[in-house]
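Asker: here's a sequence, model it:
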Amino acid sequence: MNYDIELNANDSSVLETQYAFTQGDYGQIQFSIRVKTDGVYVTNAQRAYIVFTLPNGYVVTGADMSKSVATYTYPFQGSELQVPGIILADVKLVYTNGQISSNKFSFICRYDPLHDKSFNAGPYISQLQQIVDDGQAKIDYLQSLIEILQTDVGGTPVMRSDLHNTRDAVAAGTKAVDANMAQNILLKGDVTHQNENDANKIVAADALYAVKTNLQGQIDTTDEELTTITNSLTALNAKEIQFKPSVSPVFASTNDLASGAEVMFTVTFDKAFSSAPTVNFTLRANGDNFLTQVNSISTTGFTGYIRNPFSTAKAVSSVSLCYIAMC
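Answerer: Below you'll find the model as predicted:
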């Protein structure tokens, strides 16, 4: 069924058509729309489409309308009539010079109590029995799994209450996780669970976990330094990671560094990154921290400056650098 709509581009008010349709209708209903400006039908629009604003605030954008001379045709798809009430239709005409005109009209969507809630007639009892049978099959399968688990734990079933999500020691034998295992599982969970739906991030999280669990035993850092590096490990957007607990940087000058003096150093990554990473590092000599500053970071390495903040000269040959780089 076709419904004619004639709009005036010089009139900013909404044309209330009083056309009424039933909720969920589609296919056999269409609008034939013509737009006048200064008394002449518009024929030179490049494209035309309709934006529907539904009573609940939802916005449905229709596909481009087909055109015949000055008439634009729009068939209902169904979603335009998903909510009963008064619906505002905004006809958009787009011109080659970038101009877009807006021409509005309204119509009514009638409530249908059976919309999206009805089902076809059929053998109700047999369908219900099929559901029961399917459910029983799943129950039988779960029961077999329970019996297998009981055998694996010496006849004592593992209950939900047995799974301790803490780092406290638990009784051996009937408990699924002991204190030592819990330490590793929870530590890994700290890093991975926030991004468990992203496969790439899970790979990165596993690498972070391996670094984090070995970090404190591999490098000599203060609590403050360890906190800084550990915080960097929680930046789970990283997909490429390199960690070096001890590396000797290449200095522009190998002479002893006088008090207050600066010298540039260079570090080359073991493997080039796909893009320039973020780098956190610490430079130390004989247990003392130097003041540091990054100069530049590339995919293959980074350069920086160190300054001797001490009152005596320091030998740069004794400097050791710890860094973690990720992107």
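Asker: now do the contacts for the closest residue to Met65 other than its chain neighbours.
Answerer: Leaving aside its chain neighbours, Met65 sits nearest to Tyr72 (4.2 Å; criterion: CB to CB, 6 or more residues apart in numbering). (C-beta placed from N, C-alpha, C; glycine too.) Tyr72 makes contact with Ser32, Ile33, Arg34, Val35, Ala48, Met65, Ser66, Val91 under the criterion CB atoms under 8 Å, 6 or more residues apart in numbering.
Asker: tell me which strands the strand or helix carrying Tyr72 pairs with, and in which orientation.
Answerer: Assigned by DSSP states H and E, Tyr72 belongs to strand 71-75. Counting by DSSP bridges, the strands paired with strand 71-75 are strand 30-37 (antiparallel), strand 66-68 (antiparallel).
Asker: give me the contacts around the next helix-or-strand element following it.
Answerer: As assigned by DSSP H and E, the chain's next helix or strand after strand 71-75 is strand 85-94. Applying CB under 8 Å, 6+ apart, the contact partners of strand 85-94 are 7, 9, 14, 31, 33, 35, 42, 45-55, 72, 80-81, 100-109.
Asker: got the angle for strand 85-94 vs strand 30-37?
Answerer: Angle, strand 85-94 to strand 30-37, by axes from the mean of the first three to the mean of the last three CA atoms, to 10 degrees: 50 degrees.
Asker: okay, now the sheet partners of strand 85-94, with direction.
Answerer: Counting by DSSP bridges, the strands paired with strand 85-94 are strand 47-53 (antiparallel), strand 100-110 (antiparallel).
Asker: and Met326, which of those strands is closest to it?
Answerer: Between Met326 and these, the shortest separation by CB to CB is 44.4 Å, and it involves strand 47-53.
Asker: now do that closest one, average pLDDT.
Answerer: On average, the pLDDT along strand 47-53 is 94.
Asker: so what touches that strand?
Answerer: 31, 33, 59-65, 67, 72, 74, 80, 87-94.
Asker: tell me the buried residues in it?
Answerer: Of the residues in strand 47-53, Ala48, Tyr49, Ile50, Phe52, Thr53 count as buried by neighbour count, 16 or more other CB atoms under 10 Å.
Asker: ok, stretch 68-85 next?
Answerer: Buried, per 16+ other CB under 10 Å, within stretch 68-85: Thr71, Tyr72, Tyr74, Phe76, Glu80, Leu81, Gln82, Val83, Pro84.
Asker: can I get it in CSV, CA atoms only?
Answerer: C-alpha atoms of stretch 68-85 as CSV (Å, rounded to 0.1, in the frame of the first residue of the first chain):
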residue,chain,number,x,y,z
SER,A,68,11.7,8.7,-10.2
VAL,A,69,11.8,12.3,-11.5
ALA,A,70,10.7,14.2,-8.4
THR,A,71,9.3,11.2,-6.4
TYR,A,72,11.3,9.4,-3.8
THR,A,73,10.0,6.0,-2.6
TYR,A,74,10.6,4.4,0.8
PRO,A,75,9.4,0.9,1.7
PHE,A,76,9.1,0.0,5.4
GLN,A,77,11.7,-2.5,6.7
GLY,A,78,9.9,-3.1,10.0
SER,A,79,12.3,-1.6,12.6
GLU,A,80,10.8,1.8,11.9
LEU,A,81,7.6,0.5,13.6
GLN,A,82,9.1,-1.2,16.6
VAL,A,83,7.7,1.3,19.1
PRO,A,84,4.1,2.4,19.3
GLY,A,85,3.3,6.1,19.4
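Asker: what's around Gly135, how many residues?
Answerer: Gly135 has 10 neighbours, counted by other CB atoms under 10 Å.
Asker: that one sits in which helix or strand?
Answerer: Gly135 is located in helix 124-152, with elements delineated by DSSP H and E.
Asker: any idea of the mean pLDDT in that helix?
Answerer: Helix 124-152 shows a mean pLDDT of 73.
Asker: same thing with stretch 25-37?
Answerer: 87.
Asker: how about the helices in the protein?
Answerer: Assigned by DSSP state H, the chain shows helices spanning 124-152, 179-192, 199-218, 223-233.
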